[in-house]
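1. sharing a model that was predicted from the sequence below.
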Amino acid sequence: MNTINVKELKQMIDNQEDFQLIDVREPNEFEADNINGLLISLGEIPERYNEISKDKKVVIHCRSGVRSANAINFLETQHGFTNLFNLEGGILAWNDLNS
């Protein structure tokens, strides 16, 4: 599985790179704290996978990296995605970097 760390993500954002950010946490988690990604909760991935780009880099994150890894595994095995990156440490690591 491809991974990206929070410093690399911050650099991508700062450089205004063309990528998609997907948040697979629950709506209440997203409301409390988010990085402006598209919210598609893990349980909604099977119905909403067509909202995820296959044409550019996609970074998927959750709280710590476990749910996003599950989402990536599903998308790669069931729908043939090859452009997905798991954010190591999730939003917890992001918040540590930016605090």
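-> Alright, I've got the coordinates.
2. okay, residue 98: pLDDT?
-> You'll see residue 98 listed with a pLDDT of 78.
3. so the nearest residue to it once chain neighbours are set aside, which of the three states?
-> Leaving aside its sequence neighbours, residue 98 sits nearest to residue 10 (C-beta to C-beta, 6 or more residues apart in numbering; 7.6 Å). Where C-beta positions appear, they are placed from N, C-alpha and C, glycine not excepted. Of the three states, residue 10 takes helix according to DSSP: H, G, I helix; E, B strand; the rest coil.
4. now for the one helix or strand residue 73 maps to, which elements pack on it?
-> For residue 73, the host element (DSSP states H and E) is helix 66-79. Helices and strands touching helix 66-79, by 3 or more C-beta pairs under 8 Å, 6 or more residues apart in numbering; DSSP states H and E, are helix 45-48, strand 58-61, strand 84-87.
5. quick check: which of those is nearest to residue 15?
-> strand 58-61 (13.6 Å; C-beta to C-beta).
6. please tell me how far the closest one is from the chain's geometric centre.
-> 2 Å (C-alpha atoms, centre = their mean, to the nearest Å).
7. now for it, which elements pack on it?
-> Checking 3+ C-beta pairs under 8 Å, 6+ apart, strand 58-61 ends up next to strand 20-23, helix 66-79, strand 84-87, helix 90-97.
8. buried deepest among these, which one?
-> Mean neighbours per residue, mean count of other C-beta atoms under 10 Å, is largest over the helices and strands packed on strand 58-61 for strand 84-87, with a mean of 24.
9. now do the contacts for the one residue sitting closest to the centre of the chain.
-> In the chain, the centroid-proximal residue (C-alpha atoms, centre = their mean) is residue 60; its distance is 1.4 Å. Residue 60 makes contact with 22, 24, 68, 71-72, 84-87 under the criterion C-beta atoms under 8 Å, 6 or more residues apart in numbering.
10. how about a cut-off of 7 Å?
-> 22, 24, 68, 71-72, 84, 86-87 (C-beta atoms under 7 Å, 6 or more residues apart in numbering).
11. done for today, thanks.
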